[in-house]
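Engineer: sequence and predicted structure below; questions after.
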Amino acid sequence: MTQVIQSYPLHPPAHPATEKPLPPCNIIIFGATGDLTHRKLMPALFAIHGQGLLSDQMHIIGFARREFTDHSYREEIKESIQTFAPEIWKEYESDWPKFSDRIFFHRSEFDSAHGYTWLKKRLDDLDLCSATCGNRLFYLATPPSNTSEIVKQLSAAGLNNPGPDRATKKMNPNAFARIIVEKPFGSDLASAQALNVELKAVFNEHQIYRIDHYLGKETVQNIFVFRFANAIFEPIWNQKYVDNIQVTVAETVGVENRAGYFDHAGELRDMVQSHALQLLTLVAMEPPISLDANAIRDEKVKVLKSLRPIADYEIEQFTVRAQYDTGMIESKPVPAYHTEKGVAPDSSTETYVALKMEVQNWRWAGVPFYIRAGKRLPKRATEINIQFKNIPGILFAHMASSGVEPNVLTIRIQPDEGISIRLGAKPPGPRMKVESVELDMTYGTTFGSQIHDAYERLLMDAMLGEAALFTRDDEVEAEWAYISPIIKAWGESETMPVHKYSAGTWGPDASVVLLDRDSPGRRWWDR
Ligand code: BG6
């Protein structure tokens, strides 16, 4: 057994959001040699550690199939933090020796009962010789095809319960065993339901944390505060004042090295079912009765259940799918999707989706929600635009250059996080004119502090048992209940095209038509 740190922290560090100290625990990462662990999880844990927030009584156990020793695994993690999170490395470099002492590696196949028995023994030992209190946090950073097997094996080894407490040698009633499950959660409604059944046969719902990392983004949480901590927006946040709402999730990256997954999944499953729908629910939800996780999720589920299903015969009118062709991104040529490594040459997988959605409830009746998500678009930009209704065309309509544009409230999720509102204003001068101007609040200038990665917040919340930023069982099923019929209709339609768009453009013309057809001149608010 390698070194175990045994001191109790005198002043337990506190999670900045909740002001509660993070509890001691063992974190077990399945898929410890994978991309997510290297790019996101370890840098996030290192940053939390560097900020002095992690409990001293914590160990990270990497569980994976590849061959590593504790030492060689630590070296690999060091390199990946240096490569993928250089700023975090620079800031906390001196903290590395202390952090790396807490990392261990356990080689095993995911279906080897022996591997889990051994893991249990190791965790029990750690619990008994340090003050981890038996708390366990399992992170499934593995492909979805491994989830069932890992969950079954955890159950068979009795790892769905907390471990022993050092003081009593028994299970502490306040200890926890939690499991974080990465997206994609299933690939359609039936598989998501089946996965929920499997998970809930082993863990209680309150032990299960389904990740959608967009919920951990600072500005996504600010949608909630912006709406419910200000008196001036709620009265106009409805069909009487809002003309349409647009959610854009644009990326410049292509399929990268994930063709094996993406070519089967496509953009609708990859980005819309999870991230884009979550953004929509936060914009459209009613105020919850409290900040309790279930109160918030109850309201989000109501929005998802109010989405009007797109009927098969409407599929071409309400949805657009497309795939990127050759083009230029940031002045560099990029290849067509179907020629990318690992993609089938005749692939018809969509890398771009645009949808017109309707939230059929009292607040939003008649307001279209347009959603678009795409890879290889001209810039990385996730934002929500709320376009308000036009003013009556009485006072300014006669002006030759009548620049009276609608008010648009923009919530910039990333990059350049902030909120702006487009207003009409009179420019100085003798003539009466109206020009569009922007009131802009950027996070960087206003708060001056660096924005932390979403995974930092989500890992801390999972340790604390704060579930508000995780997706509940009925929520993920409600997402799929909306998305699955679209996938089915696309598969069955003989006429629904997969448009092409040049990489580095905002997608196919069909996505422009989607808005213009509803109201001539209506357009996407590109920046
Ligand atoms: C992931 C998707 O969930 O989110 C990826 O699987 C996508 O395809 C990524 O690139 C985008 O995340 P972010 O935080 O960079 O916007």
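Structural biologist: Arrived safely.

Engineer: what's around the closest residue to the ligand within the stretch 151-300 of the chain, how many residues?
Structural biologist: Closest to the ligand within the stretch 151-300 of the chain is Asp270: 4.8 Å, counting by CB to the nearest ligand atom. Bear in mind the C-beta positions are built from the backbone N, C-alpha and C, glycine included. As a burial measure, Asp270 scores 22 neighbours (other CB atoms under 10 Å).

Engineer: nearest residue to it in space, please, no chain neighbours.
Structural biologist: Leaving aside its chain neighbours, Asp270 sits nearest to Phe262 (6.3 Å; criterion: CB to CB, 6 or more residues apart in numbering).

Engineer: that older thread, for the residue of the stretch 151-300 of the chain closest to the ligand, grab phi and psi.
Structural biologist: Per-residue torsions, Asp270: phi -70, psi -40 (degrees, to the nearest 10).

Engineer: so which bits of the stretch 251-400 of the chain are right by the ligand?
Structural biologist: Residues of the stretch 251-400 of the chain lying close to the ligand (CB under 6 Å from any ligand atom) are 251, 253, 270.

Engineer: backbone dihedrals for the residue nearest to Asp270, please?
Structural biologist: The phi and psi values for Phe262, taken as degrees, to the nearest 10, are phi -70, psi -40.

Engineer: so which residues of the stretch 401-527 of the chain form strands?
Structural biologist: With strands called from DSSP state E, counting those that start in this stretch, the stretch 401-527 of the chain shows them at 408-414, 418-425, 435-442, 499-503.

Engineer: do the stretch 101-250 of the chain as well
Structural biologist: Remark: strands assigned in the stretch 101-250 of the chain by DSSP E, counting those that start in this stretch are 103-107, 136-140, 177-181, 208-210, 242-250.

Engineer: tell me which of those lies nearest to Gly429.
Structural biologist: Proximity to Gly429 (CB to CB) singles out strand 242-250 among the strands of the stretch 101-250 of the chain, at 29.8 Å.

Engineer: mean confidence score for that closest one?
Structural biologist: Regarding strand 242-250, the rounded mean pLDDT is 98.

Engineer: show me what it is packed up against.
Structural biologist: Applying 3 or more CB pairs under 8 Å, 6 or more residues apart in numbering; DSSP states H and E, we find strand 242-250 packed against helix 277-284, strand 368-374, strand 381-388.

Engineer: repeat that for 10 Å
Structural biologist: Packing contacts for strand 242-250, counted by 3 or more CB pairs under 10 Å, 6 or more residues apart in numbering; DSSP states H and E, involve helix 277-284, strand 352-358, strand 368-374, strand 381-388, strand 408-414.

Engineer: parallel or antiparallel, which strands does the third one pair with?
Structural biologist: If I follow you right, that is strand 368-374. strand 242-250 (parallel), strand 352-358 (antiparallel) (DSSP bridges).

Engineer: what about the one residue in the stretch 1-150 of the chain that gets nearest to the ligand, which SS state?
Structural biologist: In the stretch 1-150 of the chain, the residue that lies nearest the ligand is Lys40 (8.9 Å; CB to the nearest ligand atom). Secondary structure state of Lys40, per DSSP: H, G, I helix; E, B strand; the rest coil, is helix.

Engineer: so what's it up against?
Structural biologist: For Lys40, the contact set (CB atoms under 10 Å, 6 or more residues apart in numbering) comprises 80, 84-85, 141, 182, 213, 453-456, 458-459.

Engineer: mind putting the strands of the stretch 101-250 of the chain into JSON lines with mean neighbour count and distance to the ligand?
Structural biologist: Formatted as JSON lines, the strands of the stretch 101-250 of the chain follow (neighbours: other CB atoms under 10 Å; distance: least, CB to the nearest ligand atom, whole Å):
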{"stretch": "strand 103-107", "mean neighbour count": "22", "distance to the ligand": "24"}
{"stretch": "strand 136-140", "mean neighbour count": "25", "distance to the ligand": "15"}
{"stretch": "strand 177-181", "mean neighbour count": "24", "distance to the ligand": "13"}
{"stretch": "strand 208-210", "mean neighbour count": "22", "distance to the ligand": "13"}
{"stretch": "strand 242-250", "mean neighbour count": "23", "distance to the ligand": "7"}
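
Engineer: what's the neighbour count on His71?
Structural biologist: The local packing of His71 (other CB under 10 Å) involves 12 other residues.
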